[in-house]
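> return a 3D structure for these sequence lines:
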Amino acid sequence: MGNVITLTDHEFAQFQRFIFEAAGITMSPAKKALVSGRLAKRIQQRQLNNYGEYFRLLASGNDVAEVQMAIDLLTTNETYFFREPKHFDLLREAAGSLRRHGQAFRVWSAASSSGEEAYSIAMVLADTLGEAQWEVIGSDISTRVLARARTGHYPLERTTHIPTGYLKRYCLKGTGAQQGTLLVERALRQRVQFLQANLNDTLPQIGTFDVIFLRNVMIYFSGETKQQVVARVLSLLRPNGYFFIGHSESLHGVTDQVQPLMPSVYRKVA
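Residues are numbered from 1 along each chain as shown. Model prediction:
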């Protein structure tokens, strides 16, 4: 057995600064064990002696792929299909009311992680709008989770909240070697586009949207970063468009571009 490497407070502070500068994420002292656990394997794989050496490798700027790997490890969130069902009921209503003739109905999952949210959105739109024009874009800072999202392949336990009708229409159950897994069917996968975006930086040219989901991301940002990120994201929301955030989050004092409809649901002022 190799020696167990300890993450010192000084090293933890270095990684706190690293992830704040890279992604605008403020990590509380409570996250020290998470940082230690998630980076331990990389230190082993790179045959380094401690967290300080790993930080110096990242800070050297010589290994862009490793920097991306560290960002991926420190920003990945667990998610599941149809989280907050009420949001999807409202999405169904919005798809009916905001549809404009000859213009695609567009939804952005702005922190899509491994894709469950984006595919949940796509199932609702496929059901509600059918062959009408609609688009779903999922973005995340982590290239690793985006690669997983594009496969549309998930463990069954992550899919328990998918309505039965949608399971039958849009998902394939794994058999044999794939037992215990589920695959989102190809036609639906092809309607969802995943791309990398750092919400703390200039956003890619992705157009404007009728509905934007920015859920369970702001909890990681400081007050000032939160204001900047929300302003950047809302600049892509069409007037009267819907903005969904996580239930543990609030836009109080963050923006005056939207009006609250109910907890965690806002509408952009026309």
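> just for the stretch 51-200 of the chain, where's the confidence low?
Within the stretch 51-200 of the chain, the segments meeting pLDDT under 70 span 76-77.
> could you rerun that using 90?
61-62, 64-65, 68-69, 71-80, 96-103, 130-132, 143-144, 157-158 (pLDDT under 90).
> just checking the distance from stretch 38-51 to the centre of its chain.
The chain centre lies 26 Å from the centre of stretch 38-51; the measure is C-alpha atoms, centre = their mean, to the nearest Å.
> quick one: buried residues of that stretch?
38, 39, 42, 43, 48, 51 (16 or more other C-beta atoms under 10 Å). All C-beta atoms are positioned from the backbone trio N, CA, C, and that covers glycine.
> mind checking the end-to-end distance for that stretch?
Using C-alpha to C-alpha, to the nearest Å, one end of stretch 38-51 lies 11 Å from the other.
> and the helix or strand hosting residue 183, which strands flank it?
Residue 183 belongs to strand 181-184 when assigned by DSSP states H and E. Counting by DSSP bridges, the strands paired with strand 181-184 are strand 153-155 (antiparallel), strand 171-173 (antiparallel).
> nearest to residue 232, of those?
Closest approach to residue 232 among these (C-beta to C-beta): strand 153-155, 29.7 Å.
> can you name the next helix or strand after the closest one?
Following strand 153-155 in sequence, per DSSP H and E, is helix 164-170.
> could you name the helices and strands sitting against that next one?
helix 116-129 (3 or more C-beta pairs under 8 Å, 6 or more residues apart in numbering; DSSP states H and E).
> residue 106: which of the strands paired with strand 181-184 is closest?
With respect to residue 106, and counting by C-beta to C-beta, the nearest of these is strand 171-173 at 23.4 Å.
> ok, the closest residue in space to residue 49 that isn't next to it in sequence - contacts?
Leaving out its chain neighbours, the residue that sits closest to residue 49 by C-beta to C-beta, 6 or more residues apart in numbering is residue 5, at 7.4 Å. Taking C-beta atoms under 8 Å, 6 or more residues apart in numbering as the contact definition, residue 5 lies against 40, 43, 49, 50, 51.
> from the residues you listed, which two are the most distant?
Using C-beta to C-beta, the pair of those lying farthest apart is 40 and 49, separated by 12.5 Å.
> buried residues, stretch 147-163. List them.
Along stretch 147-163, these residues count as buried under the neighbour rule (16+ other C-beta under 10 Å): 148, 149, 152, 153, 154, 158, 159, 162, 163.
> and the helix or strand residue 58 falls within, what does it pack onto?
Taking DSSP H and E as the definition, residue 58 sits inside helix 51-59. Here helix 51-59 touches helix 9-23, helix 32-45, helix 64-75, going by 3+ C-beta pairs under 8 Å, 6+ apart.
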